[in-house]
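Chemist: Need a 3D model of the following:
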Amino acid sequence: MEPVQRQRPRGRPQGSKNKPKPPVFLTLEPPMSPYILQVPSGNDVVASINRFCRERSIGLCLLSGSGSVADVTLRQPSPAPPGSSITFHGKFDLLSVSAAFLPPPVSNSFAVSLAGPQGQIIGGFVSGPLISAGPVFVVAASLNNPSYYRLPAEVKQENSSASAEAKEGKGQSPPVSGGGGESCHIEGSDVVWTPAAGAPPEY
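Modeler: Down below sits the predicted model:
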């Protein structure tokens, strides 16, 4: 007599269950993190934000700002000599802020638009202390793991008309009166821009 081999049943034995698998958690770091900074009255806004970034080793891109500042020193645009600045005395309201605080090799700059007490609008790159005349709130975002790229220089042939306009100085900023380190008060006619006064149009 030959022994009969039993075939092993296919499939899972009755009563068996799948073992529960542990849950999988994925932690993704967001590319940008929001920040709301408050600078107390009487402090330099630029120095305070720069110190905040240095202590935490982060880079910030300023999106907007609100509050009041006093005695603003702005860099004069070309064709003024390099390093020329002008100081506006008085209290101004922040309209907009554009700045980035990043580690080297990126050069940081701080640009503002301000409104004076009589509706004067001034703006430019800050070239000195920006002292807050009250609580200043700044909305910023940190750039996590930014990538730096050095773009290659692209050589293009400029036509004769473009070179002629460059020689004649077309397209440049209007001349600015005053030399470096000039100080002025925003009173009366000492304004950069004043809204045109006139009667409203008839409908």
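Chemist: Now do the strands in this protein.
Modeler: 32-39, 60-66, 68-75, 85-101, 109-115, 121-125, 131-132, 136-143, 182-185 (DSSP state E).
Chemist: Now the longest helix anywhere in the chain: buried residues?
Modeler: In the chain, taking DSSP state H as the definition, the longest helix is helix 45-56. By 16 or more other C-beta atoms under 10 Å, the buried positions in helix 45-56 come out as 45-46, 48-50, 52-53. Where C-beta positions appear, they are placed from N, C-alpha and C, glycine not excepted.
Chemist: Any regions of the chain where pLDDT drops low?
Modeler: 1-9, 11-17, 105, 155-203 (pLDDT under 70).
Chemist: hang on, the earlier thing: now tabulate the strands of the chain in TSV and tack on mean neighbour count and distance to residue 20.
Modeler: Shown next, in TSV, are those (neighbours: other C-beta atoms under 10 Å; distance: least, C-beta to C-beta, whole Å):
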stretch	mean neighbour count	distance to residue 20
strand 32-39	14	35
strand 60-66	18	45
strand 68-75	19	61
strand 85-101	18	49
strand 109-115	18	56
strand 121-125	17	61
strand 131-132	20	58
strand 136-143	18	39
strand 182-185	12	75
